[in-house]
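**Student:** Predicted model and sequence follow; I will ask about them next.
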2 protein chains.
Amino acid sequence: MACLSTEEEAKPSAMRFLSLLVAFVLAAPLSAQESGTPDEADVQMLRRLYDAALENSPAYEQLRVLTEVFPGRLSGTPAYDGAAQWTLELLRQLDCDRTELQPVMVPYWERGSAESVQLLGGGTSVPLAALALGGSVPTPADGLTASVVEVHGVEALKSTDVRGKIVFFNAPMNPTFVNAGRAYGEAGAQRNRGPTEASRHGAVAVVVRSLTHALDDEPHTGSTTYLPDLPRIPAAALSTLAANRLSDALRADPTVQLKLTINSTWHPDAPSANVIGEIRGSEFPEQVILVGGHLDSWDISPGAHDDGTGCIQSIEVLRLLKAVGYQPRFTIRCVLFANEENGLRGALEYARVAGEKKEHHALALETDSGGYRPTGFNLGNAAGDAHLKAARWKSLFEPYGVFVFQAGRGGADVGPLMAKGNTVAGLMPDSQQYFDVHHTRADSIDKVHRREFELGAAAMAALVYLVDRHGL
Amino acid sequence: MACLSTEEEAKPSAMRFLSLLVAFVLAAPLSAQESGTPDEADVQMLRRLYDAALENSPAYEQLRVLTEVFPGRLSGTPAYDGAAQWTLELLRQLDCDRTELQPVMVPYWERGSAESVQLLGGGTSVPLAALALGGSVPTPADGLTASVVEVHGVEALKSTDVRGKIVFFNAPMNPTFVNAGRAYGEAGAQRNRGPTEASRHGAVAVVVRSLTHALDDEPHTGSTTYLPDLPRIPAAALSTLAANRLSDALRADPTVQLKLTINSTWHPDAPSANVIGEIRGSEFPEQVILVGGHLDSWDISPGAHDDGTGCIQSIEVLRLLKAVGYQPRFTIRCVLFANEENGLRGALEYARVAGEKKEHHALALETDSGGYRPTGFNLGNAAGDAHLKAARWKSLFEPYGVFVFQAGRGGADVGPLMAKGNTVAGLMPDSQQYFDVHHTRADSIDKVHRREFELGAAAMAALVYLVDRHGL
């Protein structure tokens, strides 16, 4: 590109007209206070929040510390505890009205010495890039060897004899779904339910194709769920290239075997904590607008996009509101949840305590889909109209490239709050790159683009501000 | 993220309702054929085009060849000629109805042996990461040494004595503009007009801060424009880190000097060519829908995002239309323009010949803003309503994450066509990462995300299809 663009920020006039029209139509049956029809004060405030996010923000360097000093912060580990203390200190330095480590007991699973998956055939043994799934039971110390049967999805177990064998789930993510999260959800069943379903049909272990569109040698871990009435069998993820190699080998010789060695340990539950900091509301302190992410990461990962970005962006929302001098009417609370990856105990405990205290959440906004360019929000409430109400602010967000307001359920950590009748939301960053690094060693800060990450924090702060000013 | 998403593709019902409402409102004064109100056939066709783009497309591997076999394909070079022959062959293999190398004479500038910028002060000489600007005249063979005056922008020259000095333009790109292209446009004046304006005020050379938000040691080249009545003075870009170092050094000691050595040569104009391939229209063969990018790149760059992606995506549009079996009514023409970076001769010659032949372009769609996630299109025509007409198709594009239809001028290569009254458009990929690599050695294929690139080609094919079926 050689020509110099002098366009104004994207704000197509027809679209703007439309959005105002929509705002009018949707706002009609509501009271003036609730209508939230954007005014000039809103336009100015969003500009100030974005300016503060994009100019000299400390957030990206904070993310560097979180991911480089506290990588592998799985629940129960010293890395998690260190990250909790350090983020609590960040919140204290923001001069929060209240900070807290909210105690919760969490599962504590340890990978132990490195797993291995060997492909045995024709007298040779070839290592395949693999990671034990989170929560997998160990194999015998000297490994587990069996022949392999390849299937595409959990349903295929009904028509395949897998007794005594290692089941190889090899369904790829569907490349034609534009939203990569949808493809992850569809293919994810084989990781989440695959091992327990394979066990039900008599298999002795499972290997599963990594959940990614990328074709490389990076295995992607993630949790698997055992059912109490079925034998727990060992399970590992193969890199997509390793999965292709295994599939090719099976086609050439169906008698090839795999040798799995997994050295994991389930420890007793361990003490942990959610990290909380809040600005007390000036008018409705008992009403909470929550903004949060999860502080734990997989043991092998720096946890940058999953979910260091969501945590630091949530802290940044408090900083931005203070930086622009906004005094919230509601209590704005940042919550960094413990144990999202393998238990959700932090989210459950937070919702339990909130219920006990009869706290009402005007909005619980979670960010746990990566630190990429924000495209919109999903919102959910009991009436099913939260996304329509938020869409009244569409014209305010469009100049910042935020277009989507759709029905949804926020994310895993605000699920228990939604179940109790609170309104929830989730930031929707662009999904294309997330599953390249999700649950891998490669989820490091060099994969996070500073400006995209900052734009996410600004979008979150903007939504929090609008809900605080207008209600939802 | 641990929860499994089962959301359908993003298609918020309120937004959809809105878009249909808009389509209705905007379509009212138009004829039925022109209204282009989306029907089920359009929905199905877009799905097929996207499926074909996202599943087993050869385009990304073609981009690898273009960038790895023909890097540095500046106008006049053998690398350009090789790329032209190779892309012509790609078009032939698509069984185009017509292919052509359209001859054009182009400027031929050569960098020569590597430039150097040395910071002299306190008895030491420190090298600064730099690249001569494209088109810069050389320094004397043994270099040019002078003291330095730092300014922020071209306007500052009016109030600063720069006689006999090297002007250091150090205005950074504005981080608060959400659209990085807008920040590039604003700061770009100091690269484009800076050297000639500095010459007007008596300076002997120019160094300019690289046009990027990134803080690193990668210098960004780009063209500069000399005016015929002013002395041509040498000019180089400094990496942003080098610019900061120089600024720090000047603050500490205003007497530090720079020594520039640039070994460039202006050769006589050289023969070159635009690369053209087309599918002949079945109903209106004399009406053209053009899709294109520019095949030349800077001499030091693999030219992946700028503009290998636009070229291969344009070829891919023809492949996609054929893959889904669509028989266009208009002639669909892929044009890979020569000499966008330092002359625009390819675009000017194409428009001249088209005028001679009295060809009408129903649309000339250019892609020259990188191969990132597509967000929308800018469109321009004489009446200024092309973007409103295209917005009637908004509901078709929303499920694919394409939201923006704004007024614009397409891009540099379709500018001469717009000047002749044709309708033009430009794909608008997300702008955040583009200027990290733009005009650098780092603009290589590893920076291009396969799916984002494929989504761009699909969006282009969708717009071409809709204009072909409904008119614009």
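**Tutor:** Alright, I've got the coordinates.

**Student:** show me where the stretch 101-250 of chain A has helices.
**Tutor:** Ranges of helices within the stretch 101-250 of chain A are A:180-187, A:189-192, A:194-200, A:240-252, based on DSSP state H, counting those that start in this stretch.

**Student:** Return the alpha-carbon coordinates of the helix or strand hosting A:Val317 using CSV.
**Tutor:** Take DSSP states H and E as the rule and A:Val317 turns out to sit in helix A:309-323. The C-alpha coordinates for helix A:309-323 follow below in CSV (Å, rounded to 0.1, in the frame of the first residue of the first chain):
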residue,chain,number,x,y,z
THR,A,309,-5.5,-11.5,28.6
GLY,A,310,-9.0,-11.7,30.2
CYS,A,311,-7.5,-11.2,33.7
ILE,A,312,-5.3,-8.2,32.9
GLN,A,313,-8.1,-6.7,30.7
SER,A,314,-10.4,-7.0,33.7
ILE,A,315,-8.0,-5.2,36.0
GLU,A,316,-7.5,-2.6,33.2
VAL,A,317,-11.2,-1.9,33.2
LEU,A,318,-10.9,-0.6,36.7
ARG,A,319,-7.8,1.4,35.9
LEU,A,320,-9.5,3.0,32.8
LEU,A,321,-12.6,4.0,34.8
LYS,A,322,-10.4,5.7,37.3
ALA,A,323,-8.1,7.2,34.7
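
**Student:** mind listing what A:His361 touches?
**Tutor:** Shown in contact with A:His361 (C-beta atoms under 8 Å, 6 or more residues apart in numbering or on different chains): A:287-290, A:354, A:417, A:422-424. All C-beta atoms are positioned from the backbone trio N, CA, C, and that covers glycine.

**Student:** ok, back up a step: among the helices of the stretch 101-250 of chain A, which is nearest chain B?
**Tutor:** The closest of those to chain B is helix A:180-187. By C-beta to the nearest C-beta, the value is 4.1 Å.

**Student:** touching chain B at all, that closest one?
**Tutor:** Yes: applying C-beta under 8 Å from any C-beta of the partner chain, one finds helix A:180-187 in contact with chain B at A:180-182, A:184-186.

**Student:** cool, stretch A:299-315 as well?
**Tutor:** Yes: residues of stretch A:299-315 contacting chain B under C-beta under 8 Å from any C-beta: A:306-307.

**Student:** ok, back up a step: which neighbouring elements make contact with the helix holding A:Val317?
**Tutor:** Applying 3 or more C-beta pairs under 8 Å, 6 or more residues apart in numbering or on different chains; DSSP states H and E, one finds that helix A:309-323 contacts helix A:40-54, helix A:59-69, helix A:78-93, strand A:265-279, strand A:284-294, strand A:330-337, helix A:450-470.

**Student:** Find the one among these with the highest mean neighbour count.
**Tutor:** strand A:330-337 (a mean of 28; mean count of other C-beta atoms under 10 Å in any protein chain shown).

**Student:** In a markdown table, list the helices of the stretch 101-250 of chain A along with distance to A:Thr37 and mean neighbour count.
**Tutor:** Output for these, formatted as a markdown table (distance: least, C-beta to C-beta, whole Å; neighbours: other C-beta atoms under 10 Å in any protein chain shown):
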| stretch | distance to A:Thr37 | mean neighbour count |
| --- | --- | --- |
| helix A:180-187 | 32 | 22 |
| helix A:189-192 | 43 | 24 |
| helix A:194-200 | 49 | 24 |
| helix A:240-252 | 49 | 18 |
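
**Student:** CSV for those helices, including mean pLDDT?
**Tutor:** Shown next, in CSV, are these (pLDDT from 0 to 100):
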stretch, mean pLDDT
helix A:180-187, 96
helix A:189-192, 96
helix A:194-200, 97
helix A:240-252, 98
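
**Student:** So which of those helices is nearest B:Val154?
**Tutor:** Smallest distance to B:Val154 across the helices of the stretch 101-250 of chain A (C-beta to C-beta): 43.9 Å, for helix A:180-187.

**Student:** Just want the angle from the closest one to helix B:450-470.
**Tutor:** In terms of direction (axes from the mean of the first three to the mean of the last three C-alpha atoms, to 10 degrees), helix A:180-187 departs from helix B:450-470 by 110 degrees.

**Student:** Report the contact partners of the nearest residue to A:Ser136 once chain neighbours are set aside.
**Tutor:** Spatial nearest neighbour of A:Ser136, chain neighbours left out: A:Ala235 (4.7 Å); criterion: C-beta to C-beta, 6 or more residues apart in numbering or on different chains. Counting by C-beta under 8 Å, 6+ apart, A:Ala235 touches A:132-133, A:136, A:194-195, A:205-208, A:224.
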